[in-house]
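> Requesting a structural model of the entry that follows:
(2 chains)
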Amino acid sequence: MSIAGDLIRGHTDAIILARLMKEDSYGYEINKTILTLSGGRFELKEATLYTSFKRLEELGHIQSYWGEGGTGARRRYYTITPSGREAYYHLLAEWGETKEIMNQLLEANETL
Amino acid sequence: MREKLIDYVNLLFAGTDGTEEIRQEILQNTLDRYDDLIGQGKAPEAAYRLAITGIGDINEILARPAEKGAFASDAAIPAAEENKKPLWKQIVFAIGIFLYIVSLIPLFVLGSLDESLRQLTGGVVDFSVLGLCGTIGICAVATVFVILGVTGKGTKRAEKKAVEENDPKRALRNSVSTLISAIGLATYFIISFTTGAWHITWVVFPIMGAVTGLVNACLDLKEENDNEK
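Residues are numbered from 1 along each chain as shown, chains lettered A, B, ... in the order given. Sure, this is the predicted structure:
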């Protein structure tokens, strides 16, 4: 998980944008979803998550607001902006390309 | 155990400025994680440990609010804060300088009015001596203020700097004190021999001390300002 973890962590911003494309969410909920979707193999540290939130907010890709959760606890929710959606599609396309290149590069049987 | 977790997170942010919202958010996320783990049947002790592990390296976040440019290094932030001198120190320092300047007033005023005042009081009190005492006293207080005003991290560094790389400044300081001493000594002898007033001309020496202190303080102030730039 450590090497793959570093690789995935490099895409934290894209992962968060992908989560927010679906619905507004808050820190722990996003992390919980990441854990579930990765089959319990990957999750982010609070510090990493928060740093990414701040960066995306400064870039104008997401916005935050304080909301009351079901338990009455005050949580900071994040919502994606139009520029965030644009950034998401861009990152998704970029990943598609990266994936394709990596597949080619790591393919051992390939004969040129 | 939940209380302990809250204390832990609060402690993480103790002594940091402008991080209240960050603290609230991290605390809420951490509590959510803890409650979730408890809900999954984890023991409080284990849930506490896992929740803390989940926070990660808080410095990753704390480095950001003070960060202006995207590439500002972490080390630059504490250094900038250390360099900033508290306002009260600057004020205390300024008062010290002011006292050095006004310290000469009692000496000159009481010294020049000595004759007339002595007649008024029947010659019991020597006012020139009283004036001198006043001057020395004020100088003493001024010295305390200046020392209070300049000591501290910033100055220690400035002094160290002076020793390490600003030798020209140190040399300037030494030559200025030497110059003042020489002029003072010459003045003392010239005045004493021409007027023959040996009983009072020795005040040149405390005045010399005050002037040296004043000059040093001015140099200190200049150096501080240079360092801030």
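> tell me which parts of chain B are close to chain A?
Counting by CB under 8 Å from any CB of the partner chain, the positions of chain B adjacent to chain A are B:21-22, B:24-26, B:28-33, B:36, B:54-61, B:64. All C-beta spots, glycine's among them, are computed from the backbone N, C-alpha and C.
> and B:Asp35, what helix or strand is that in?
Following DSSP states H and E, the helix or strand that holds B:Asp35 is helix B:20-39.
> on contacts alone, who are the packing partners of that helix?
Where contact means 3 or more CB pairs under 8 Å, 6 or more residues apart in numbering or on different chains; DSSP states H and E, helix B:20-39 is packed against helix A:27-37, helix A:46-58, strand A:74-80, helix B:2-12, helix B:44-53.
> can you pull the buried residues of the shortest one?
Put plainly, it is strand A:74-80. Neighbour counts over strand A:74-80 (16 or more other CB atoms under 10 Å in any protein chain shown) mark A:75-78, A:80 as buried.
> Then the longest one?
The neighbour-count check on helix A:46-58 (16+ other CB under 10 Å) flags A:46-56 as buried.
> How about the fourth one?
Of the residues in helix B:2-12, those scored as buried under the neighbour-count criterion (16+ other CB under 10 Å) are B:5, B:9, B:12.
> Let me see the contact set for the last one.
Shown here is B:Leu12, whose contacts under the criterion CB atoms under 8 Å, 6 or more residues apart in numbering or on different chains are B:23, B:26, B:55, B:58.
> Taking chain A, what residue is nearest to chain B?
A:Lys45 (2.6 Å; CB to the nearest CB).
> Run through the residues that contact that residue.
Residues in contact with A:Lys45 (CB under 8 Å, 6+ apart) are B:54-57.
> Now tell me which helix or strand of chain B has the poorest mean pLDDT.
Least confident helix or strand of chain B, by mean pLDDT, DSSP states H and E, is helix B:76-83 with a mean of 47.
> hang on, the earlier thing: quick check on the residues of chain B next to chain A: which are buried?
Buried among the residues of chain B next to chain A by 16+ other CB under 10 Å: B:22, B:24-26, B:28-33, B:54-56, B:58, B:61, B:64.
> quick one: which of these is nearest to chain A?
Distances from chain A to these, taken as CB to the nearest CB, are shortest for B:Gly56 (2.6 Å).
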